[in-house]
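Participant: have a look at this prediction, sequence included:
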Amino acid sequence: MLQQPIQSSFDLGNGRIVTIETGRLARQADGAVTVRQGNCILLATVCANKEPREGQDFFPLSVDYQEKFASAGRIPGSFFKREGRLSDYEILISRLIDRALRPLFPEDYLCDVQVLITLVSSDPEVMPDALACLAASAALAVSDIPIKEIISEVRVARVNGGFIVNPSRTELATADMDFMIGATAKNLMMVEGESKECLEDDVVKALEIAHDAIRIQIAAQQELREKVGVTGKRDYTKPLSDESIQQSVYAFAQDRVYAISKAASTKADRSKAYDELKKEVVASLGEGATSDQIKLAKKYYEDLKWEVVRNMILDDRIRLDGRSLDQVRPLDMEVDVLPTPHGSALFTRGETQSLTTITFGTPLDELLIESAAKSEYNKFILHYNFPAFSTGEVKPMRGPGRREVGHGNLALRSLKQMMPGNDYAYTVRVVSDILESNGSSSMATVCAGSLALMDAGVPVPKHVSGVAMGLITRPTDGKYAILTDILGDEDHLGDMDFKVTGTKDGICGIQMDIKIDGLSMETMMAALEQARNGRLHILDAMYQCMPAHRSEVKPHAPRMQKLFIDKEFIGAVIGPQGKIIQEIQRETGTTINIEEIGNQGEVSVFSPAKEGLDRAVAWIKGIVAMPEVGEEYESKVKSIMPYGAFVEFMPGKQGLLHISEVSWKRLENLDGILKEGDMVKVKLVGVDHKTGKFKLSRKALIPKPDFNKDEGQSTN
C-alpha cells in the first residue's frame, strides 16, 4: 500500500486553493511533488548525480517542461500521434524556470541536476506556466539536493486597471500587462513579460505585488519540507582549489589585466591581449606545472578579469570600450537594403548587427501553435538566427537552440504590441539574422524589426526600440553602476542584466535576471529610468531613418484586401463544389480565403498585382451585392429562349429579359437581335418577392418611339 501523501496548501485569493503534495508519485526521484489548482495538475521531479563528472568545470542543470496532450483529453496532431521534441512554448517555460532556479545552487556544486515538470491534467482556465516553477522549487525543497534558498514564480497581469496574481486564461486575454516574476523570500530573481506601453512605475508596482504572493508560496513549501522531515542537504565533492596559485596569478596579472581593460579597444583587440596574457600566466607556473594546476590558473585568471573590470567600472567609471556609463554605442541603420523581400532593414549598434526581413503571406501561411489546452493560429511570426560567424567562431549548423527561441520570443512580444489587429489580412513573418554580436542582439532584432515593418508598409503606429542594461554593485561600500547598452564582455560581469523595449510612450517588453541580494526598489527605478533614456535615444535615430510606415506595400509585394460579407452569401461566393471561388482565383490570379466569424464571412483577397486584386474584389462585391430596382446593369447573355433571353446582370445573379422588354418594336424571336455572349445594358424593373426572380428591361433604356411616325424609323 502506498504511504499517505503529505500536503501543504495556500490560497491565491478568491478561494483559488493551490495544493502541493509529495510521497505518492515518482518516489524513486530525489524529489517529486504534484501541484494542483482546480483540475490543473503538474508533476515535478528532480534527480541529481552524487558526484560530478571527471573534469567537470561548470554546473550542468537541465530543466524541461512538457505538456501531455492526454492532460486535456487530446491526441497530438503530429504524424506520429505522440509528444515529440519540446515546442517553442514549452522551451520558453523551461527557460523561465531555469533562469530562476540556477542561482539557487552553490557556486562550487558541479553535479548533473535534471528537473522535469509535466502537465498531467489540464484545466481550461488555469495557466499551468504560472505554477511550473513553484512545482520545480517544491521538488527541490523536499529533496536533499543542496540549494541555498526556496523560490517561487507567479504571473501578474493588469486587467481593467487592477493587478491580478495568476489570472485565469479568460482574464489574461484582456490584460494590458503580463509579467512572470520569480523570487526568493528576500530577493527578486527573474522578470519577463510584455505590456501595452506601461510606465516604469507600473513595472515596480507589479514586482511588489508579485513578491508578496511569492512569499506565501515559499512559506507553503517550507511547511511541506518540515512535514517531510528534510533536515539537511547532502554533502558533495567540491572542485579543486589552491590559494597559493590564486595569489600567484593575481600578483602576476592584476595590473596588466587592468591596463588591458582600461584601454579603449575593440572586442578583437581586447580578446587577443587577454589571451596572450593568459598564456603568460600559465607559463609563469613553470615547466613542472601539472594539468590541474594549469586548469586552476586559468580559472583564477578568469576570476581576476571579472573582479578587475567590475572595480574599474565602479571606481573609475570607465567601461571596457571607453564609454560613459549611460552612453549608447554608435548607431547606423538603413531600410530597403534588399531588393526582393517585402521589407528589410540593417541595424548596427557598435559591434552588434541585425539584418531583418519581412515577408507577407496569406492566412494559409499562419503558424499553428499547439499546446495541451488549445490550438491556435498566429499570423505574426518572428524568427531569430544566431550563426557562429557573428562572434567569429566555428560551430556546426544545427536547428535553433533554446537561446534563439528565447531571444526571438522577447523581440516578438515587443513588436506585436504595435501590430495591427485581426482585420489585417496579411500573415507577417519577421526574420532577424544576426551578422555581428557583441552586446544584445535581441535588442538589435527589435530595432531592425521595427524599421523593416515600416519599410514593408505594415501600418504600425510607432517605432519600438530596445536596449540591454547592466548593473554592478559592491556591498562593502554601497557603490553601484548602471550600464547602458552592455557589451558581451560586460554581460556576465553584472549583478543584474535586463532588457527593456518600448515606444516613446511606454514599455512593451522586459526581461531581467537579478543575481544579488537586497536590490532596492530605488535602484530598480534608477535602472529603469536610465533604460528609458537609452531607449529614447535609439528611437530618435530610428525616426530619422524611417519617420513612418510606407503608405503602400512595395510594388513586388502581394496586394491584399479584406471584405466582410453576410454569412448567407458565403455559399454564393464559394459556389457548388467551390466552382465560383476557383473561377475567380483562376481568372484574376488571386488567392482568396474565407472564414466564418459569427454572423459574418471574412473574405481575404491576395494578389501579386493590383489589377487582379481590384477585379476579384469587384467580382465578390457583385456576388454579395443586393440588386436594386431602378438600377442599370451591364449584363451578359447566357442563353436564348423563344420567350426571351436569360442574362447575368451581376456576378452569380441572372434574370429574364423577356422578349417584350427587348425593344419597343414587337419581335417574333431574337434572331439577329441577341445571341449568347452578347453584352447588353438592362434596367432592373422589378423583383417577384415570392419566387425571387428578377424582371429586366432593355427597352426601358431606349427612348420611346414617336408612334405618329413610321414605326420603322423609330429608334430601337
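Facilitator: Cool, got the structure. Numbers count the residues shown, from 1 in each chain.
Participant: only C-alpha atoms from now on, for both contacts and neighbour counts.
Facilitator: Fine.
Participant: any idea whether Thr118 is helix, strand or coil?
Facilitator: strand (DSSP: H, G, I helix; E, B strand; the rest coil).
Participant: again but with Leu304, I slipped
Facilitator: Taking three-state DSSP, the label given to Leu304 is helix.
Participant: how close does it sit to Glu83?
Facilitator: Distance, Leu304 to Glu83, by C-alpha to C-alpha, to the nearest Å: 46 Å.
Participant: which of those two has more residues huddled nearby?
Facilitator: Comparing Leu304 with Glu83 by other C-alpha atoms under 10 Å, the one with more neighbours is Leu304, at 19 against 16.
Participant: that one reaches Asp255, doesn't it?
Facilitator: No: judged on C-alpha atoms under 8 Å, Leu304 makes no contact with Asp255 at a distance of 10.3 Å.
Participant: can you give me the strands in the stretch 301-450 of the chain?
Facilitator: For the stretch 301-450 of the chain, the strands defined by DSSP state E, counting those that start in this stretch occupy 331-335, 343-349, 352-361, 367-370, 375-378, 380-385, 427-436.
Participant: possible to save these as a markdown table with mean neighbour count, distance to Leu25 and mean pLDDT?
Facilitator: Shown next, in a markdown table, are those (neighbours: other C-alpha atoms under 10 Å; distance: least, C-alpha to C-alpha, whole Å; pLDDT from 0 to 100):
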| stretch | mean neighbour count | distance to Leu25 | mean pLDDT |
| --- | --- | --- | --- |
| strand 331-335 | 18 | 56 | 97 |
| strand 343-349 | 27 | 52 | 97 |
| strand 352-361 | 26 | 47 | 96 |
| strand 367-370 | 14 | 27 | 82 |
| strand 375-378 | 12 | 29 | 85 |
| strand 380-385 | 20 | 39 | 96 |
| strand 427-436 | 22 | 43 | 96 |
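Participant: with distance to Val446 added, can I get these in TSV?
Facilitator: Below are the strands of the stretch 301-450 of the chain laid out as TSV (distance: least, C-alpha to C-alpha, whole Å):
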stretch	distance to Val446
strand 331-335	13
strand 343-349	10
strand 352-361	9
strand 367-370	20
strand 375-378	19
strand 380-385	10
strand 427-436	9
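Participant: and of these, who's closest to Pro60?
Facilitator: Nearest to Pro60 among the strands of the stretch 301-450 of the chain is strand 380-385 (24.5 Å), distances taken as C-alpha to C-alpha.
Participant: CA atoms only: put that closest one into CSV for me.
Facilitator: Listed next in CSV are the C-alpha coordinates belonging to strand 380-385 (Å, rounded to 0.1, in the frame of the first residue of the first chain):
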residue,chain,number,x,y,z
PHE,A,380,2.6,37.3,-36.7
ILE,A,381,5.8,35.2,-36.7
LEU,A,382,9.3,36.2,-35.7
HIS,A,383,12.4,34.0,-36.2
TYR,A,384,15.8,34.9,-34.8
ASN,A,385,19.0,33.3,-36.1
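Participant: strand partners (parallel or antiparallel) of that strand?
Facilitator: The strands beside strand 380-385 in its sheet (DSSP bridges) come out as strand 427-436 (parallel).
Participant: orientation of the partner strand relative to strand 352-361 in degrees?
Facilitator: 160 degrees (axes from the mean of the first three to the mean of the last three C-alpha atoms, to 10 degrees).
Participant: strand 427-436 to strand 343-349, inter-axis angle?
Facilitator: 30 degrees.
Participant: what's next to strand 427-436, contact-wise?
Facilitator: 351-363, 365-366, 379-387, 389-391, 441, 445, 448-449 (C-alpha atoms under 8 Å, 6 or more residues apart in numbering).
Participant: next, count neighbours for Glu471.
Facilitator: One correction, residue 471 is Leu, not Glu. Leu471 has 23 nearby residues by other C-alpha under 10 Å.
Participant: buried sites along the helix or strand encompassing Asp202?
Facilitator: Under the criterion of DSSP states H and E, Asp202 resides in helix 200-228. By 16 or more other C-alpha atoms under 10 Å, the buried positions in helix 200-228 come out as 200, 203-204, 206-207, 209-211, 213-215, 217-222, 224-225, 228.
Participant: helices and strands around that helix, which ones?
Facilitator: strand 6-11, strand 17-22, helix 129-141, strand 151-159, strand 162-165, strand 177-184, helix 521-545 (3 or more C-alpha pairs under 8 Å, 6 or more residues apart in numbering; DSSP states H and E).
Participant: adding mean neighbour count and mean pLDDT, write the ones you listed out as CSV.
Facilitator: Formatted as CSV, the helices and strands packed on helix 200-228 follow (neighbours: other C-alpha atoms under 10 Å; pLDDT from 0 to 100):
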stretch, mean neighbour count, mean pLDDT
strand 6-11, 17, 95
strand 17-22, 20, 97
helix 129-141, 27, 97
strand 151-159, 26, 96
strand 162-165, 17, 96
strand 177-184, 24, 95
helix 521-545, 18, 93
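Participant: nearest to Gln327, out of these?
Facilitator: helix 521-545 (7.6 Å).
Participant: returning to what we had before: nearest to Ser465, of the strands of the stretch 301-450 of the chain?
Facilitator: Here strand 343-349 is closest among these (C-alpha to C-alpha), at 11.1 Å.
Participant: for that closest one, packing partners?
Facilitator: strand 331-335, strand 352-361, helix 441-456.
Participant: what's the next secondary structure element after the longest one?
Facilitator: The helix or strand immediately downstream of helix 441-456 is strand 465-474, counting by DSSP H and E.
Participant: show me the contacts for the nearest residue to Asp688 once chain neighbours are set aside.
Facilitator: Of all residues not flanking Asp688 in the chain, Phe694 sits nearest, at 6.5 Å (C-alpha to C-alpha, 6 or more residues apart in numbering). Applying C-alpha under 8 Å, 6+ apart to Phe694 gives the contacts Gln654, Gly655, Leu656, Leu684, Gly686, Val687, Asp688.
Participant: other SSEs contacting the helix or strand of the chain with the lowest mean pLDDT?
Facilitator: Every helix and strand of the chain was ranked by mean pLDDT, DSSP states H and E. The lowest is strand 367-370, at a mean of 82. Under the contact criterion of 3+ C-alpha pairs under 8 Å, 6+ apart, strand 367-370 touches strand 375-378.
Participant: contacting residues around the strand it packs on?
Facilitator: Counting by C-alpha under 8 Å, 6+ apart, Glu366, Leu367, Leu368, Ile369, Glu370 sit against strand 375-378.
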